[in-house]
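Student: here is a sequence together with a model predicted from it:
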Amino acid sequence: MHARLLALALTLLAFGALPLTPPAAATNYLCNQPFALCTSAPCIPQPGNPDVSICMCDMQEGPNLATVPCDTVAPSTDANGVRTVYSQFAPTQFQQGKKGLRCPSGTPWSQCLNKICTVDPANPDKAICACDIVRSGEWQTAGGDCEAATCGTAYWSGALIDDSRSNLAFMMEKLGLTTSPAQACPAAKP
């Protein structure tokens, strides 16, 4: 599994997978297309590159948030049948019961929003995404099963706290949700 993940990740990067970075004052766009959902994705640092992580995300289709125009993150398939999608946000995993784990600044996490991904040819329910490793800012993830110790070691896909709130509020408005599906992990015991 790890060898296949590494081979696909290296192929993704070898073909010039340039990350799309949201602008400083990002505008949210409501897209409706296949995408990679990385809100709870486990990630590992890319060998030889301390700034990039490789994340295993869930494939989804439907309404989602991007901070770049939807046509710039549209899925595609190349002449060899390799499918490319982008990581975007939807509240799906929170609606399924995952909780938000809050992690302190200084711990490593992966910023995957708008990043390019390859749909796993061996498992079309998964996409392998090349994300940015970040080590600053208080952030949250739907990964980690509420185990705070994983904040410092797992490189979870996550979002800054303010961005997470803003993204969720945008999707709630667009989807007509009156109650937030996102619940926080219980506070750690002293």
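Tutor: Received, thanks. Numbering: from 1, shown residues only.
Student: which is the succeeding secondary structure element to the biggest strand by length in the chain?
Tutor: Using DSSP state E to assign secondary structure, the strand with the most residues in the chain is strand 49-66. As assigned by DSSP states H and E, the chain's next helix or strand after strand 49-66 is strand 76-77.
Student: neighbouring strands of that next one in the sheet, and parallel or not?
Tutor: Sheet partners assigned to strand 76-77 using DSSP bridges are listed as strand 83-88 (antiparallel).
Student: rounded mean pLDDT for the partner strand, please.
Tutor: Per-residue pLDDT over strand 83-88 has a mean of 98.
Student: find the centremost residue of this structure, please.
Tutor: In the chain, the C-alpha closest to the average C-alpha coordinate belongs to residue 38, at a distance of 3.0 Å (Cα atoms, centre = their mean).
Student: where does it land on pLDDT?
Tutor: pLDDT recorded at residue 38 is 97.
Student: just the one 5 residues further on next, same as before
Tutor: With respect to pLDDT, residue 43 has a value of 97.
Student: tell me where this structure has strands.
Tutor: Shown for the chain, the strands assigned by DSSP E span residues 29-37, 43-46, 49-66, 76-77, 83-88, 99-103, 109-111, 116-119, 126-134, 139-141, 159-160, 183-184.
Student: wait, which of the ones you listed is closest to residue 147?
Tutor: With distances scored as Cβ to Cβ, the stretch of those nearest to residue 147 is strand 99-103 (7.6 Å). All C-beta spots, glycine's among them, are computed from the backbone N, C-alpha and C.
Student: would you turn the strands of the chain into CSV with distance to residue 150 and mean neighbour count?
Tutor: Putting the strands of the chain into CSV (distance: least, Cβ to Cβ, whole Å; neighbours: other Cβ atoms under 10 Å) gives the following:
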stretch, distance to residue 150, mean neighbour count
strand 29-37, 19, 20
strand 43-46, 11, 19
strand 49-66, 14, 20
strand 76-77, 34, 10
strand 83-88, 20, 25
strand 99-103, 8, 21
strand 109-111, 11, 28
strand 116-119, 22, 24
strand 126-134, 15, 23
strand 139-141, 9, 27
strand 159-160, 16, 22
strand 183-184, 16, 11
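Student: out of the ones you listed, which gets nearest to residue 173?
Tutor: The closest of the strands of the chain to residue 173 is strand 29-37. By Cβ to Cβ, the value is 9.4 Å.
Student: helices or strands next to the closest one in the packing?
Tutor: Contacts of strand 29-37 with other secondary structure elements, assessed using 3 or more Cβ pairs under 8 Å, 6 or more residues apart in numbering; DSSP states H and E, are made with strand 49-66, strand 83-88.
Student: quick one: closest of the ones you listed to residue 170.
Tutor: Proximity to residue 170 (Cβ to Cβ) singles out strand 49-66 among the helices and strands packed on strand 29-37, at 5.9 Å.
Student: returning to what we had before: in contact with the residue nearest to the centre of the chain, which residues?
Tutor: For residue 38, the contacting residues are 55, 57, 58, 87, 110, 112, 129, 131, 157, by Cβ atoms under 8 Å, 6 or more residues apart in numbering.
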